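**Q** Task: produce atomic coordinates for the following.
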Amino acid sequence: MSLKPLSYAHIMAIADAWRDMGGTSEVEIGALEPLLWRDRQYRIHDVASMLTERGFKVSMTTNGQLLDIFAENLSHAGLSLIRTSWHSTNPLMFREISGGYGDYSRFMRGITLALESGIKVAFNRVLLKGHTDDIPEQLAFIERYKSRLKLYTLMWTPQSASTHELFYQDWRSVVRASVLPRTIEITRVRKQLGRGRLRFHLVAGGSVEVKLGDRLDRSAHPCSSCSFKNECEEGFGDYVRVDPRLHLYFCYMRRDIGFQVSEYFGRPEALKQKMREAIGNVDVDSLLATAPLRLTVTPFCNFNCRTPSTQRGWCMEEPGEYAYPKIRASLLKKDKP
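**A** Numbering: from 1, shown residues only. Coordinates of the predicted model:
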C-alpha cells in the first residue's frame, strides 16, 4: 500500500504531543517536498500557521521549486526560516543534479520572493569534485541578502557508496580559495549532540558554515551496535523525526530505533517513557531540550536529486515507498494554493 501524506489532524496531534512532553519550540517541516503537501482544503502554509499559533518557531526544508507560488502565504503564516539546496549556479548542472526536473530560473525567482517577503533563507550545497568554480557567484548572492550557506562534503550512505569516492570534494581547499578572501571573522559552534561547525562571517554580510570532522563518541547505545558507525558523520538525535507512517525515530539511517507515535497521543509521560526505552542511556530530557521536531509531512517529491551523470540518487528515502516526479506529475501544476 502506497504511503499518504500526514493529515492535518495528525500534524496537530504530533505537535500537541511534542509540546505536552516538554519538547523544544522548534519544528521543521521537512523532506521529501513539503510544498506538495495538501489535505482537503489545507495547504502547507495552513500547517505553518497552525504551528505558529501553538507557539512553535517553524522552519521548512524545501527544494524551492514551488516557492514562487507559496512564498507570500508562508510569510503571512509566520514561517521563520526556509532551508533549501543550491548545489550549482549553472542552470544545466542544477537541472542534472535535480534528476532532470529543476528549473533554475524558477528556483531563483522563488527564493528571491521568499527573501523579499521577509523569510530568512539558508542554503545548503553539497561540494562535488570538479564542480565548485561557481561558488564566488553564489557567495555574492549570500552577501547581498545576508544569508547563510552551508557547505557539505558528499555524505556516505548505502545509496551513495558506489559514487562517493568519484565525487567527494574536501571542503578545506574550497574554503581557502573562495571563502577566506571574503571572511572577516571565524567562529566555532557546536550542538550538544552534533558535530562542531566552523562559521565564516563574510565582510559584506552573511556567513558560510562547514561541519568539522570531529567524531562523536560511538560507544553509547544505540550507535555502538550500528553497522554504519564507521561511516556515519552525523550526531545521534540531531532531530526527532516523524514520518508519514506516524513512525517516530531519532536517526534516518536507523529506522528500527523508533516506534508508532500515534499510540501515545494524549499521554505525554507514556510517550517520554517509550522514548527512554527506545534509545537506552541517551538522556531523553536533554534530547527534548535541544533537538527540533522534524515532520516529514509528505512522501512525494518533484525532484530526484543525484550525483551528475549517474542514476544514483542522494535521497535516503529513495528505496522505499516514496514517490518521485514521474509518479506524481499532477502535483506540479502551478495552480494557486
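**Q** surely Arg199 meets Thr183?
**A** No: using C-beta atoms under 8 Å, Arg199 makes no contact with Thr183, being 9.8 Å away. C-beta coordinates here come from the backbone N, C-alpha and C atoms, glycine included.
**Q** Overlap of the contact sets of the two?
**A** Val208 (C-beta atoms under 8 Å, 6 or more residues apart in numbering).
**Q** If the residue nearest the centre of the chain is in a bridge, with which residues?
**A** Note on the chain: the residue nearest the mean C-alpha position is Thr61, at 4.8 Å, using C-alpha atoms, centre = their mean. Per DSSP bridges, the residues bridged to Thr61 are Arg83.
**Q** Could you measure from it over to Leu154?
**A** 18 Å (C-beta to C-beta, to the nearest Å).
**Q** need the contact list for the residue nearest to the centre of the chain.
**A** By C-beta under 8 Å, 6+ apart, the neighbours of Thr61 are 28-31, 34, 82-84.
**Q** measure it to Leu288 for me?
**A** 21 Å.
**Q** Send over stretch 89-108 as PDB, restricted to the C-alpha atoms.
**A** Output of stretch 89-108 as PDB, limited to C-alpha atoms (Å, rounded to 0.1, in the frame of the first residue of the first chain):
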ATOM      1  CA  THR A  89      24.500  28.300 -10.200                       C
ATOM      2  CA  ASN A  90      24.800  26.600 -13.600                       C
ATOM      3  CA  PRO A  91      21.200  26.000 -14.900                       C
ATOM      4  CA  LEU A  92      22.200  22.800 -16.700                       C
ATOM      5  CA  MET A  93      24.100  21.400 -13.700                       C
ATOM      6  CA  PHE A  94      21.200  22.400 -11.400                       C
ATOM      7  CA  ARG A  95      18.800  20.500 -13.600                       C
ATOM      8  CA  GLU A  96      21.000  17.500 -13.800                       C
ATOM      9  CA  ILE A  97      21.500  17.300 -10.000                       C
ATOM     10  CA  SER A  98      17.800  17.500  -9.500                       C
ATOM     11  CA  GLY A  99      17.300  14.400 -11.700                       C
ATOM     12  CA  GLY A 100      16.300  16.500 -14.700                       C
ATOM     13  CA  TYR A 101      13.400  18.300 -13.100                       C
ATOM     14  CA  GLY A 102      14.800  21.500 -11.700                       C
ATOM     15  CA  ASP A 103      14.100  24.800 -13.400                       C
ATOM     16  CA  TYR A 104      16.900  27.200 -12.200                       C
ATOM     17  CA  SER A 105      15.200  30.400 -13.200                       C
ATOM     18  CA  ARG A 106      12.100  29.400 -11.300                       C
ATOM     19  CA  PHE A 107      14.100  28.400  -8.300                       C
ATOM     20  CA  MET A 108      15.900  31.700  -8.200                       C
END
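**Q** For Cys113, give its distance to Phe70.
**A** Careful, residue 113 is Leu and not Cys. Relative to Phe70, Leu113 is positioned 9 Å away (C-beta to C-beta).
**Q** Settle it for me: which of the two has more neighbours?
**A** Phe70 (26 against 18; other C-beta atoms under 10 Å).
**Q** tell me which element the more buried one is part of?
**A** Per DSSP states H and E, Phe70 falls inside helix 67-76.
**Q** tell me the mean pLDDT for that helix?
**A** Computed over helix 67-76, the mean pLDDT rounds to 97.
**Q** So which bits of it are buried?
**A** 67-75 (16 or more other C-beta atoms under 10 Å).
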